[in-house]
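# Provide a 3D model corresponding to the input given below.
(chains A and B)
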Amino acid sequence: MNLEFTPEEQAFREEVRSFIAENYPKHLADFGMREDMSREDFLAWHKILGRKGWSVPAWPTEYGGTGWSPTQRYIWSEENARASTVMPLPFGVSMVGPVIYTFGNAEQKARHLPGIVSGEVWWCQGYSEPGAGSDLASLKTTAVRDGDHYVINGQKTWTTLAQNADWGFFLCRTDPTAKAQEGISFILVDMKTPGVEVKPIKLLDGGYEVNETWLTDVRVPVENLVGQENKGWTYAKFLLAHERSGIAGVARSKRGIEKLREIAANETLDGAPLIKDFDFAKKVSQLEIDLAALEITELRTLAGEQAGKGPGPESSILKIKGTEIQQRLTELTLEAVGTYSAPYMGGVSNDNGSNEHPVGPDYAQHAAATYFNMRKTSIYGGSNEIQRNIITKMILGL
Amino acid sequence: MDFNFTEEQGMVRDGLSRLVREQYDWETRRKAIASGAGWRPEVWAQLAELGILGMPFSEADGGFGGGAIDAMIIMEEFGKGLVIEPFVPTVVCAGGFLKHGGTPAQKEEHIGGIVAGSTVFAFAYAEPKGRFDFADLETTAKKDGAGYVLNGHKAVVIGAPWASHLVLTARTGGERRDRSGVSVFVIAKDSAGITTRDYVTVDGRRASEVYFENVAVGAEALIGAEGEGLALIELVTDEAIAATCAEACGAMKVAHAMTVEYSRQRKQFGVPIGSFQVLQHRMVDMYTAYEQAVSLTYLATLRLGSDEVERKKAVSAAKVGVGQAARLIGQEAVQIHGGNGVTDEYAIGHFFKRLTIFDSEFGNVDHHLKRHVALS
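Just a heads-up that it's a prediction; the model follows:
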């Protein structure tokens, strides 16, 4: 047992750090809110990494993975957090990709995996429905077999960034007579298919990050079914476990605490830097301690995965604690910013075409919007209450 | 980075786990606590025989070449059985002072006895008014010829009734609370001028108030340099905190498992109470707190050899996180056990007591949060 990096790992860190410094697009160095970014901005780093062979580190090497050890993957995420890079989105890389290479057929792998690796194809997730949130298995969207096609009808919601998506993976009911978890299938849908309609949902931070996705008589070839018909729930759960293990965001939160300390050193309270105020500093230290614990918990989980255990129910802990910490971080940042948390620069002032610098310090610009935005984290990916249900069942055995 | 234990460490864990399971059953423990001696010297002898007491000492010092990770494994297993025998005072504290600050003659004189189980130590650092500040000392050691004369009162010295020797802290110079002027001494407990008032602690151990009245010691009793003992005390107590955190982790693991099991057996409204979501989620939060506590204990243990700031931050982080988890798990375990949780008969209440007192040892949550802030 040790926490030291070997000389090889240190050399790897240097290699990664200089690769990021030399290749990361300069104009994305400080990107603020991701709602402001174009499709090309989102994909820029992904495409560069795709060419380098580093876009899907966790995948098996035969499909494009790097074969990195857990420590190397840890270093990789630390260095990206250090540089605040816009990482490849999870929908292809961490969600549908692993489902396709684990459960898909040879043709599906050949057709879909290269586009995820290269960053050419944008995926979105069709899971939740207006009536099926935490109770995902109650979903009502149907896929009815008609010759060589499925005809899909229903409504999905919270479809993140579907406005940019080329493809979506959808959970649809293929056997309406079966019990809730049975009779669901995992189907890939080309988002340009007639009958697919994406309508934006405006969120608290003012951005359009998620959508309603309406499916009306959408005809999808049967070869787009992944795995077996009516076994989609198994793949859906597998996907969620993968999603959860990457969801902790430890390296990003570490960088966030550094930024918080910088802000609090700049803000003043009673004539002294805010960070010198014990009441405030105590809250930052508590957060740092919680994060230090989570970091080791994640490394223990990764070590377990390397020893042959896939991401299991332990990933629910990473999801719960990781999102609690992310939320607390944005909350303390909001507190640190103080008065300048109030101005809303995404509203009227920008709409009149003015190029004036926003009011308040730069670091205050997104504090409130980020705080509002991050409330989603304890709700998505299976709400934190659902994660507790998973731990109850899978770990406590109750 | 590596989170695996070696094969030898696995064997130590298995051996101790068996010993605690087979020979430290609840009734035997209860009887030992109620007995005149208040502990089980025969268990201590067995630990010596198994090499446990010599584990964290180097082979050159007469030990078995282990270190802090071994102490962590040992204390975690002890925590699972609420073992009361004084491993931390004797092996981690006194052993630590000897390892890091002892002269060859002091090591020669004491380590052999610790490893063999014949020398038992207590560490007298706390004082009635000093709270958690190791430098806030009223006990004095005045230079007298080549030696010193000790006067003062040491508070809640855990394991002192069982000890043959003491390590104590005293002021050889400077003002009360100065960082300099603090010294460390090793002394036989039966030295002239030492009196004790022995008592039972709420978590089943024994402790003493120890009074020093004109106790004369020679120069060979001083560990480390005169007046410069504080850095050594901080190092050794950091090691003791890591080991004690491991003990708390062991106790929390069992307290949590007992609670889950109880919720499976106990029926109300015609169903096991473990089927209620309101209790399930509380037991999940206990489990999560436990896992995070284990992680912080690893972190503290693995950072004991790092530079001073990094070491202290990691140790304080652990004492804060494990302290909070211990409070949460102890209280929730009792709550979920209902009325049975507050009886003396059920084991869970005794885990609660140990986890409660854990917070007050070597600085509580508030103290270590403050230290973390000061180092950040």
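# check which helix or strand covers the single nearest residue of the stretch 151-300 of chain B relative to chain A.
Chain A sits closest to B:Ser295 of the stretch 151-300 of chain B, with a gap of 3.5 Å, by CB to the nearest CB. The way it works is simple: take the backbone N, C-alpha and C, and place the C-beta from them, glycine included. Using DSSP states H and E, B:Ser295 sits in helix B:277-302.
# for the first helix or strand past that helix going along the chain, packing partners?
Remark: after helix B:277-302, the chain's next helix or strand is helix B:308-336, criterion DSSP H and E. Packing contacts for helix B:308-336, counted by 3 or more CB pairs under 8 Å, 6 or more residues apart in numbering or on different chains; DSSP states H and E, involve helix A:278-306, helix B:230-265, helix B:277-302, helix B:348-358, helix B:365-375.
# let's have these in a markdown table, adding mean pLDDT and mean neighbour count.
Below are these laid out as a markdown table (pLDDT from 0 to 100; neighbours: other CB atoms under 10 Å in any protein chain shown):
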| stretch | mean pLDDT | mean neighbour count |
| --- | --- | --- |
| helix A:278-306 | 93 | 20 |
| helix B:230-265 | 98 | 23 |
| helix B:277-302 | 98 | 23 |
| helix B:348-358 | 98 | 22 |
| helix B:365-375 | 98 | 19 |
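# make JSON lines from those helices and add distance to B:Gln331 to it.
Listed next are the helices and strands packed on helix B:308-336 as JSON lines, based on distance: least, CB to CB, whole Å:
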{"stretch": "helix A:278-306", "distance to B:Gln331": "19"}
{"stretch": "helix B:230-265", "distance to B:Gln331": "10"}
{"stretch": "helix B:277-302", "distance to B:Gln331": "10"}
{"stretch": "helix B:348-358", "distance to B:Gln331": "7"}
{"stretch": "helix B:365-375", "distance to B:Gln331": "14"}
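# closest one to B:Ile187 among these?
With CB to CB, the closest approach to B:Ile187 among these belongs to helix B:230-265: 15.9 Å.
# counting contacts, what elements does the closest one pack onto?
So helix B:230-265, by 3+ CB pairs under 8 Å, 6+ apart, packs with helix B:68-81, helix B:95-101, strand B:182-188, strand B:271-272, helix B:277-302, helix B:308-336, helix B:348-358.
# mean confidence for stretch A:190-208?
For stretch A:190-208, mean pLDDT rounds to 95.
# flag every buried residue along it.
A:Met191, A:Thr193, A:Val196, A:Val198, A:Leu203, A:Asp205, A:Gly206, A:Gly207 (16 or more other CB atoms under 10 Å in any protein chain shown).
# out of these, which is nearest to A:Leu239?
Minimum distance to A:Leu239 across these is 18.5 Å, recorded for A:Met191 (CB to CB).
# next up, phi/psi of that closest one, please.
phi -70, psi -10 (degrees, to the nearest 10).
# what about the stretch 201-350 of chain A, any weak spots by pLDDT?
Scanning the stretch 201-350 of chain A for pLDDT under 70 picks out A:243-246, A:309-311, A:346-350.
# go again using 80 as the cut-off
A:241-247, A:304-313, A:345-350 (pLDDT under 80).
# ok, back up a step: chain center to the helix holding B:Ser295: distance?
The chain centre lies 20 Å from the centre of helix B:277-302; the measure is CA atoms, centre = their mean, to the nearest Å.
# against which helices or strands is that helix packed?
Contacting helix B:277-302 under the criterion 3+ CB pairs under 8 Å, 6+ apart are the following elements: helix A:278-306, helix A:315-337, helix A:384-394, helix B:68-81, helix B:230-265, helix B:308-336.
# so what touches the third one?
The contact list for helix A:384-394, computed with CB atoms under 8 Å, 6 or more residues apart in numbering or on different chains, reads A:134, A:244, A:312-313, A:316-317, A:319-320, A:323-324, A:378, A:382, A:398, B:277, B:280-281, B:283-285, B:287-288.
# quick check: angle from it to helix A:315-337?
150 degrees (axes from the mean of the first three to the mean of the last three CA atoms, to 10 degrees).
# same deal with the longest one?
Using the same axes, to 10 degrees, the inter-axis angle of helix B:230-265 relative to helix A:315-337 is 130 degrees.
# give me the angle between helix B:230-265 and helix B:348-358.
Angle of helix B:230-265 versus helix B:348-358, following the same axes, to 10 degrees, is 160 degrees.
# and the residue of the stretch 1-150 of chain B nearest chain A?
B:Phe3 (4.2 Å).
# leaving aside the residues next to it on the chain, what's closest to that residue?
Distances taken as CB to CB, 6 or more residues apart in numbering or on different chains put A:Ala303 closest to B:Phe3, at 4.2 Å, once the chain neighbours are dropped.
# same thing with B:Ala188?
B:His165 (5.6 Å).
# the one you found against B:Phe185, yeah?
No. Using CB atoms under 8 Å as the test, B:His165 is too far from B:Phe185 to be in contact (10.5 Å).
# those two: which has the busier surroundings?
B:Phe185 (25 against 20; other CB atoms under 10 Å in any protein chain shown).
# hang on, the earlier thing: what angle sits between the helix holding B:Ser295 and helix A:315-337?
80 degrees.
# how about the residue of chain A most remote from its centre, phi and psi?
The outermost residue of chain A relative to its centre, with distances by CA atoms, centre = their mean, is A:Gly271 at 40.2 Å. Main-chain torsions, A:Gly271, degrees, to the nearest 10: phi 80, psi 0.
# write out the residues of chain B neighbouring chain A.
Selection of chain B residues close to chain A by CB under 8 Å from any CB of the partner chain yields B:1-5, B:69, B:260, B:263-264, B:274-275, B:277, B:280-281, B:283-285, B:287-288, B:291-293, B:295-296, B:298-299, B:302-303, B:314, B:317, B:320-321, B:369-370, B:372-373, B:376.
# before we move on, the earlier item: the residue nearest to B:Phe3: what's it in contact with?
A:Pro70, B:Asp2, B:Phe3, B:Asn4.
# same deal with B:Ala141?
Here B:Ala141 is in contact with B:Tyr148, B:Val149, B:Leu150, B:Ala170, B:Arg171, B:Thr172, B:Ser183, B:Phe185, B:Val217 (CB under 8 Å, 6+ apart).
# report the two of those separated the most.
B:Arg171 and B:Val217 (14.6 Å).
# for B:Val120, see how far away the residue nearest to the spatial centre of chain A is.
Nearest to the geometric centre of chain A sits A:Pro90, at 5.0 Å (CA atoms, centre = their mean). Taken as CB to CB, to the nearest Å, the spacing of A:Pro90 relative to B:Val120 amounts to 57 Å.
# show me the helices in the stretch 51-200 of chain B, by range?
With helices called from DSSP state H, counting those that start in this stretch, the stretch 51-200 of chain B shows them at B:68-81, B:87, B:95-101, B:104-116.
# okay if I get those as a markdown table plus mean pLDDT, distance to A:Asp41 and mean neighbour count?
Compiled in a markdown table, the helices of the stretch 51-200 of chain B are given as follows (pLDDT from 0 to 100; distance: least, CB to CB, whole Å; neighbours: other CB atoms under 10 Å in any protein chain shown):
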| stretch | mean pLDDT | distance to A:Asp41 | mean neighbour count |
| --- | --- | --- | --- |
| helix B:68-81 | 98 | 47 | 25 |
| helix B:87 | 98 | 58 | 24 |
| helix B:95-101 | 98 | 55 | 23 |
| helix B:104-116 | 97 | 64 | 17 |
